[in-house]
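[1] next input, structure requested:
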Amino acid sequence: MLDEYKKKRNFKASPEPNGNNNLNKESFTAIGDACISIEDNDPSKSRPRFVIQKHEATRLHYDFRLESIKENVLLSWAIPKGPSLDPSIKRLAIQTEDHPVDYLSFEGVIPEGNYGAGTVIVWDIGEYSLEKNALTKYPTKEHRGEIPEVLDVSELEKKYGKITFVLYGQKLKGKFSLVKTRTKNQWLLIKLEDDFALCSNNSDKNGVKDITESRPESVLTGKTNMDLLHYKSSKTLEKDVKAENSNLKYSAEITNNPNTLDTLGDHNLDAINLSPANQSFKQMCFEGIKPMLSSLTDKPFNNKDWIFEIKWDGVRAITLVDRLTKTCTIKSRRGDTITQRYPELENTLKSALREDMFKDFVILDGEIVILDNEGYPDFQNHQKRMNIDSRKSIEILSELYPAVYYVFDILYLDNNNLMQLPFAERRKILVDLIKKENSKIRISDFVEEFGIDVFETVRRMNLEGIIGKHRNSKYHSDIRSRDWLKIKNIKTQDCIVIGYTRGEGNRKNYFGSLLLAAAIDDTLNYTRTNTNNNNANSNTNINKLRFIGHTGSGFSFESLSIIHKRLRELEIPYCPVDSIPYLNRETVWVRPMTVLEVKFNNWTNNMIMRAPIFLRIREDKPPHQCVIENSSLTSSPKIADKIKKDEDDDSDLKITNYENGNNHLTAIDQQFSNLKKEFWSATEYRPAITKGDLIEYYDKISEHLLPYLRDRPISLSRYPDGIYGKAFYQKDWKNEKPCYVRTVKVYSESNSDEINYIVCNNKETLLWLVNLGCIEIHPWNSRVNDYNQCNKMDVIETEECGLNYPDFIVFDLDPYINIDNENESKEPAYSLTAFRATVEVALGLKGIFDELNIKSYVKTSGKTGLHIFLPVVNLYTYKQTREFARVISQILNKRNPGKITTEWKTTDRKGKVFFDYNQNSIGKTLASIFSTRPVEDATVSVPLKWEELVDIIPTDFIMMTVPDLYKRKINPWKDISSHRQNLEEILERISDFKV
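    Numbers count the residues shown, from 1 in each chain. Take a look at the predicted model:
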């Protein structure tokens, strides 16, 4: 069974298990405490195991493995996009060779030159049970006895091509199915409807839409694949990692509501492995850890499952104490080594820990704080120590402003990873470890259950706030967790400076105010490699930054001088964020590297800070951790374990520049020109439509339209004098543009040059385009993956660029039914008879798609025709999708002889519906969903349900009525991106298709 597995691997070079299968049930202790109620589930039965390993090799994918007890192997599938909790999403799963059972706990680095080279983490692990009713589609209780008993997963895999099972994992729980397709080795992984499905009534309890994004870490070690890149890859090292997890045993049972954690009873030190680790292992562990972060909540609470600490106003520090080498290393939140700046801590830490509790090393987490004469945190004096490298200065400052290290967590004890222990267990170990007789290394005090009282005390003392930690929380490195919550005494926000205005008066040599931004979430991944980038648009993550306000208050002349000098060195000629809703005066833009903390009154509805006041520079915080902290997003009514995320993952944070009321343009009309210019003349049925009316339409419909434009180049169809004036088509934008408008340079083979396309990623850009006279919006059917990788001839068609890999196969149907002579215009005038002929052809096309089990979407063109879209996985080139569309046209033509034509010459189309499959070409565009059209009736291209085609006419959907209509009507295209289809599977079905 394992011959293929062993044949592909060199076990002298790769740390992977060699297939001896020595991992037994007793050593398998990684299963989470998943308790789910599933019909016919008997938890007393011994269940087989599963693992999902996140494997970053040539391409990132997830390896899903089910244990076959009968065959003593792991049946394995590679899932390119990982599992989904949404039953409407079917994920491709490619069956691979069987793996040994030892592979259940494998985590590490497969060296270059070996099969599958890359990093592997255990993303989820647990047990599973097979569903007895897996072989029937609609089982009933009276027929269950007739269903053959399935004893092992290998029987289902071989005989039936369908496996239905229940997962009892730490991340994945509930029912799933693996269904085999007609393509060899290709299956579909599908989440079934139950209490753990994303879209059920009790679903998505953590408010997470894509669990692979929200939970990227290993369930065994808390590490990510990126963490492992820094680790030495060797067989010895991998054995150490396994030993680290298999030797660690602990009890998850915690007594109810004790007065202090010390009363929980002695932890079992005999169960901790105290053997020394090799030097590379301890360094690997230390370098891989980044602080776990807390989420903001709005008010304190009481809860017996929570522990409350003071939120120390200092510098977060991870510390490695190495007993064997008699050294101590301290690193900051940014990952910089700062040991040399705190010599008083370095010396004390070596003697502050009980030597009988460890033989080799300890890794701690805590906060370095400078206290004033009354024992209160004094961050202002702390700043004087933060950037000093002179040994003499450090010695003097350590005497003037001595530091205290408040320790609140322990992460490693010798070669044992404690991060998977409950927080209360870690604190018990920590309390015993720290000697009580020193003043510089202290345990951070805590109170259990009574968070409201603790907060009131902290508020009266004018301290920063408190931190609440769930007793059973694990430590997740570099994750902003809702198991840790911070409640602030005053509202503060860490901000990134993106620009400044020139100073006047006594500030003429400095700056007047600073423009501030923050990351919408933790996924910015801003690194120092970006700092030399001369093009804001080339940073693919920069649109995760969002403008949040100006500040000009709170600065001393010392801070003015320090900040201004730093900003002068970071000046750039462009705006580093997508959107600035307003500017006070001329602005100098800077690279987003400088982090400040401000206090403010509240957030406006547009997520702008009210009256922000500068507090201090934050040298200890990297820019990507400056996330928008809005307590309304993390309120704590029944405490925070089940907080709902209130934003759609597929949409940007909504920004509006308009006042409430009927006139949407009151706050911005000065940014636009000629709002009263007629773009459509008055008719018998309506008044004239102005440019202002057009802008208002796109403002109202923007939330429906923008998801279909994001990261897609736009071809501009401009009518600066309305539909009756001179019009022109524009692709290349060479003029100046506002800072919020993004562009992408695309190499054009026909022009042998670059074309600078506009990309419409926000409402501000959309309305700016309309102000230019763009009545129609024409996006590409493919998206930019990397803005740096599209401007060269040899990369335009690569996956790195992305533009040669469409998301849709499109069919453009235009009727040429009523052409009377050869001089008719290329595009015929509107005719209801012609439209009905187009509908008839479209419904015939829909019939073919239904027979082939293809999901399709239809919209009006806004003129005489229809557009049909097939969402596909963007793994296929335009050449491939165009060939597919051509095959479909041939099938349709055979079924509808004489009704359609693919002739390119206009006069040859007379009396037929033109079926245009050539739109499936790079750079070709159709009018977007919800785009207005430059015709007399001011019609709009709108999405429809297929069954609506029978009754509608295109003039039902006009600019004046569509926004209100789609407020009441569900957008039939809302889920189009979640139904991307595999073209290879469709082609296989076509090969058996009878015309």
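[2] when you work out contacts or count neighbours from here on, use the C-alpha atoms and nothing else.
    Will do.
[3] and stretch 614-628, how far out from the chain middle?
    Between the centre of stretch 614-628 and the centre of its chain there are 21 Å (Cα atoms, centre = their mean, to the nearest Å).
[4] could you export it as PDB, keeping only the C-alpha atoms?
    Taking C-alpha atoms only, stretch 614-628 is exported to PDB below (Å, rounded to 0.1, in the frame of the first residue of the first chain):
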ATOM      1  CA  PHE A 614      -1.000  62.700  19.700                       C
ATOM      2  CA  LEU A 615       0.200  60.700  22.600                       C
ATOM      3  CA  ARG A 616       3.500  59.200  21.600                       C
ATOM      4  CA  ILE A 617       5.700  57.500  19.000                       C
ATOM      5  CA  ARG A 618       5.500  53.700  19.100                       C
ATOM      6  CA  GLU A 619       8.900  52.300  18.200                       C
ATOM      7  CA  ASP A 620       7.900  48.900  19.500                       C
ATOM      8  CA  LYS A 621       5.000  48.300  17.100                       C
ATOM      9  CA  PRO A 622       5.300  47.300  13.400                       C
ATOM     10  CA  PRO A 623       3.000  49.000  11.000                       C
ATOM     11  CA  HIS A 624       1.000  45.900  10.100                       C
ATOM     12  CA  GLN A 625      -0.200  45.600  13.700                       C
ATOM     13  CA  CYS A 626      -1.900  49.000  13.600                       C
ATOM     14  CA  VAL A 627      -5.400  47.600  13.000                       C
ATOM     15  CA  ILE A 628      -8.600  49.600  13.300                       C
END
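[5] list the contacts of it.
    Contacts to stretch 614-628, defined as Cα atoms under 8 Å, 6 or more residues apart in numbering, come from residues 315-316, 332-334, 380, 386, 493-496, 518-526, 551-555, 592-599.
[6] and for stretch 438-456?
    Contacts of stretch 438-456 (Cα under 8 Å, 6+ apart): 257-260, 300-310, 344-345, 348-349, 352, 403-408, 431, 434, 436, 465-466, 468, 487, 489.
[7] output the lowest mean pLDDT helix or strand found in this structure.
    Every helix and strand of the chain was ranked by mean pLDDT, DSSP states H and E. The lowest is helix 235-246, at a mean of 32.
[8] immediately after that helix, which helix or strand?
    Where DSSP states H and E defines the elements, the next helix or strand beyond helix 235-246 is helix 279-288.
[9] could you point out the longest helix in this protein?
    In the chain, taking DSSP state H as the definition, the longest helix is helix 832-851.
[10] what helices or strands is that helix leaning on?
    strand 808-816, strand 866-871, helix 878-895, strand 912-916 (3 or more Cα pairs under 8 Å, 6 or more residues apart in numbering; DSSP states H and E).
[11] tell me the angle of the second one relative to strand 808-816?
    Between strand 866-871 and strand 808-816, the angle formed by their directions is 170 degrees, by axes from the mean of the first three to the mean of the last three Cα atoms, to 10 degrees.
[12] CA atoms only: put strand 866-871 into PDB for me.
    Output of strand 866-871 as PDB, limited to C-alpha atoms (Å, rounded to 0.1, in the frame of the first residue of the first chain):
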ATOM      1  CA  LEU A 866     -28.100  39.200 -23.400                       C
ATOM      2  CA  HIS A 867     -24.900  38.300 -21.700                       C
ATOM      3  CA  ILE A 868     -24.400  34.900 -20.200                       C
ATOM      4  CA  PHE A 869     -21.600  34.200 -17.800                       C
ATOM      5  CA  LEU A 870     -20.100  30.900 -16.600                       C
ATOM      6  CA  PRO A 871     -18.000  31.300 -13.500                       C
END
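[13] who are the packing partners of it?
    Looks like strand 866-871 contacts strand 808-816, helix 832-851, strand 857-860 (3+ Cα pairs under 8 Å, 6+ apart).
[14] show me what counts as buried in that strand.
    Using 16 or more other Cα atoms under 10 Å as the test for burial, strand 866-871 gives Leu866, His867, Ile868, Phe869, Leu870, Pro871.
[15] if I look at the fourth one, what pLDDT would I see?
    The predicted structure scores Phe869 at 96 on the pLDDT scale.
[16] begin at 200, not 1, for the rest of this chat.
    That works, and once the first residue is 200, the last one we named lands at Phe1068.
[17] report the separation between it and Val1009.
    Distance, Phe1068 to Val1009, by Cα to Cα, to the nearest Å: 5 Å.
[18] just the fifth one next, same as before
    In this structure, Leu1069 and Val1009 are separated by 6 Å, where distance is defined by Cα to Cα.
[19] can you list the buried residues of strand 1065-1070 in a markdown table and add distance to Ile567?
    Formatted as a markdown table, those follow (distance: Cα to Cα, whole Å):
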| residue | distance to Ile567 |
| --- | --- |
| Leu1065 | 65 |
| His1066 | 62 |
| Ile1067 | 61 |
| Phe1068 | 58 |
| Leu1069 | 57 |
| Pro1070 | 53 |
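[20] picking up where we left off before, from the contacts of stretch 637-655, which land in helices?
    Going by DSSP H, the helices hold Glu543, Leu544, Thr547, Leu548, Val630 from those.
[21] the residues you listed into TSV, with extra columns for neighbour count, distance to Val418 and pLDDT?
    Formatted as TSV, the entries for those read as follows, by neighbours: other Cα atoms under 10 Å; distance: Cα to Cα, whole Å; pLDDT from 0 to 100:
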residue	neighbour count	distance to Val418	pLDDT
Glu543	17	37	92
Leu544	22	33	93
Thr547	16	34	90
Leu548	22	30	90
Val630	19	26	91
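[22] need these in CSV (columns: distance to Leu570).
    Shown next, in CSV, are the ones in helices among the contacts of stretch 637-655 (distance: Cα to Cα, whole Å):
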residue, distance to Leu570
Glu543, 14
Leu544, 14
Thr547, 17
Leu548, 18
Val630, 22
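[23] looking at those residues, which is nearest Tyr946?
    Leu544 (57.1 Å; Cα to Cα).
[24] circling back to that earlier point, for the helices and strands packed on strand 1065-1070, state which one has the densest average packing.
    strand 1007-1015 (a mean of 26; mean count of other Cα atoms under 10 Å).
[25] list the buried residues of stretch 274-288.
    By neighbour count on 16+ other Cα under 10 Å, the buried set for stretch 274-288 is 274-279, 281-288.
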